[in-house]
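Peer 1: Sequence and predicted structure, then a few things I'm wondering about:
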Amino acid sequence: MGNSFQKAKREKIWLKILMAGSSGSGKSYSALRVAKGIAQKSGGRVAAIDTENGRIRYYANEFDFDDLQLEAPYSPEKYIEAIEDAVDGEYPILVVDSISHEWDFCLEVHSKMPGNSYTNWSKITPRHDKFMEKILQAPIHVIATARGKDEYVLEEKNGKQVPKKVGLGYKQRDGVEYNYTVTFNIDQQSHVATATKDNTHLFEERYDVLTEKDGIALYEWANSGDKPDVKKEKPQQKTETVTQKPVEEPVQEEVTDTELPFEDVEESEPDFSVDDEPDFDDEISALDLQKKITGIAKDFEKEKKKEFGVQVKNILVTTANYNKCEDIDKLQEILNIATNM
């Protein structure tokens, strides 16, 4: 079979972290704190892709990072190019603030496409999937933020019902959280992070504000395994040179009398004679052409009739009975053959 199982082992990985929350929940700030902790351990600088009109620079006096201001249109391809720039720049950690703009772009393009809404997704989905795949496969730690779908709920406070903004899901494609190592939902008022998905088990039953210490803990977890094995290509096996035999011409299938339609067609006079051919610029039916062909071919001798049948079958492929054909072009071709035989 060529496949073999082997003992599984923990390998070093590149962290992929998602932080989602309502406006004002502190997604960007939390991302920079965690990124700073990762950078302290990795020894490199932090890169940031900003789609929020320079908002991440509000924290430039608190954190040391390099940013790239991504401008509209926020296509998946633009994000991919920016991620590649960060990798080429040898940054160990990248903050993408935010990925919601990419999904808004996809929705907008889809809404303007003519035709069937369902089938149009076949043109949008591959572009979006390439962006998601770039985040997952890029050799760099990634912290992405996503806007929450904001709604207000009434909450009792000091004996009164007061409105509270909460994030219900993310402004991204459904299921996006499954692509990440850890996914946090950040509360708008307290800025406390809750892990809705955690492969690291570092944040289970924890409800805290994220800090640089969490970045350090995540980095140590990611690097606690072995270095991934480099996949070796299997050596190509030598193949013996085989002398091919000359390809023989296919034997032409003989058409039997039972396949030919002439004897089965009622012996009625055709609507027009050979000498009085109709003007084919005028509309003509398949039945007229069938009668025309029969009028010519019924007088063929046996051998000629078989030869004609072979040529008809070459055109119709599955049968030599042109009376079952409704294709005007094919019937016209058959008529031309019959006329010239």
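Peer 2: Good, I have the coordinates.

Peer 1: and whatever helix or strand Leu289 lives in, what other elements does it pack with?
Peer 2: If you go by DSSP states H and E, Leu289 is part of helix 286-297. Packing contacts for helix 286-297, counted by 3 or more Cβ pairs under 8 Å, 6 or more residues apart in numbering; DSSP states H and E, involve helix 328-340. In this view, the C-beta of every residue, glycine as well, is placed from N, C-alpha and C.

Peer 1: List the buried residues in the helix it packs on.
Peer 2: Lys330, Leu331, Ile334, Leu335, Ile337, Ala338 (16 or more other Cβ atoms under 10 Å).

Peer 1: So Ser162, which state does it fall into?
Peer 2: For the record, residue 162 is Val, not Ser. Classification of Val162 using DSSP: H, G, I helix; E, B strand; the rest coil returns strand.

Peer 1: quick one: Asp66 is in a helix?
Peer 2: No - using three-state DSSP, the secondary structure at Asp66 is strand, not a helix.

Peer 1: ok so, going back, from the chain's centre, how far out does the next helix-or-strand element following the helix holding Leu289 sit?
Peer 2: Counting by DSSP H and E, the next helix or strand C-terminal to helix 286-297 is helix 302-316. Relative to its chain's centre, helix 302-316 lies at 48 Å (Cα atoms, centre = their mean, to the nearest Å).

Peer 1: Are there helices or strands packed against helix 302-316, and which ones?
Peer 2: helix 328-340.

Peer 1: what's in contact with the helix it packs on?
Peer 2: Helix 328-340 is contacted from outside by 274, 280, 284, 286, 289-290, 292-293, 296-297, 308, 311-312, 315-316, 322, 325, using Cβ atoms under 8 Å, 6 or more residues apart in numbering.

Peer 1: so where's the chain shaky on pLDDT?
Peer 2: By pLDDT under 70, the low-scoring segments of the chain are 1, 150-154, 164-169, 228-284.

Peer 1: Break it into its domains for me.
Peer 2: If you go by automatic domain parsing, the domain ranges for the chain are 16-222, 257-340.

Peer 1: hmm, back to that, of the contacts of helix 328-340, which qualify as buried by neighbour count?
Peer 2: Buried members of these, scored by 16+ other Cβ under 10 Å, are 284, 286, 289-290, 292-293, 296-297, 308, 311-312, 315-316, 322, 325.

Peer 1: Which one of the residues you listed is nearest to Asn179?
Peer 2: The closest of these to Asn179 turns out to be Leu316 (Cβ to Cβ; 53.0 Å).

Peer 1: what about that closest one, distance to Val209?
Peer 2: When Cβ to Cβ, to the nearest Å is the yardstick, Leu316 and Val209 sit 77 Å from each other.

Peer 1: cool, Thr183 as well?
Peer 2: Remark: distance between Thr183 and Val209 (Cβ to Cβ) = 17 Å.

Peer 1: out of these two, which sits in the busier spot?
Peer 2: More crowded of Thr183 and Val209, by other Cβ atoms under 10 Å: Thr183, with 25 against 15.

Peer 1: Now the more buried one: phi and psi?
Peer 2: phi -120, psi 130 (degrees, to the nearest 10).

Peer 1: Can you verify my assumption that it contacts Gln172?
Peer 2: No - Thr183 is not in contact with Gln172 according to Cβ atoms under 8 Å; the separation is 10.9 Å.

Peer 1: could you point out the longest strand in this structure?
Peer 2: Ranked by residue count, the top strand of the chain under DSSP state E comes out as strand 141-157.

Peer 1: Ser117: which of the buried residues of helix 328-340 is nearest?
Peer 2: Ser117 has its nearest neighbour among the buried residues of helix 328-340 in Lys330, at 37.9 Å by Cβ to Cβ.

Peer 1: What number of residues are in the vicinity of the closest residue to Tyr178 other than its chain neighbours?
Peer 2: Leaving out its chain neighbours, the residue that sits closest to Tyr178 by Cβ to Cβ, 6 or more residues apart in numbering is Lys197, at 7.1 Å. A total of 15 residues lie near Lys197 under the criterion other Cβ under 10 Å.

Peer 1: Spit out the contact partners of Lys197.
Peer 2: Applying Cβ under 8 Å, 6+ apart, one finds that Lys197 lies in contact with Glu177, Tyr178, Tyr180, Val182, Thr183.

Peer 1: Export these as a markdown table, with columns for distance to Glu155.
Peer 2: Compiled in a markdown table, the contacts of Lys197 are given as follows (distance: Cβ to Cβ, whole Å):
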| residue | distance to Glu155 |
| --- | --- |
| Glu177 | 25 |
| Tyr178 | 30 |
| Tyr180 | 29 |
| Val182 | 27 |
| Thr183 | 24 |
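
Peer 1: Which member of these is positioned nearest Tyr79?
Peer 2: Closest to Tyr79, out of all of those and judged by Cβ to Cβ, is Tyr180, at 15.6 Å.

Peer 1: Show the contacting residues for the closest one.
Peer 2: Applying Cβ under 8 Å, 6+ apart, one finds that Tyr180 lies in contact with Lys16, Ile17, Leu18, Ala144, Lys197.
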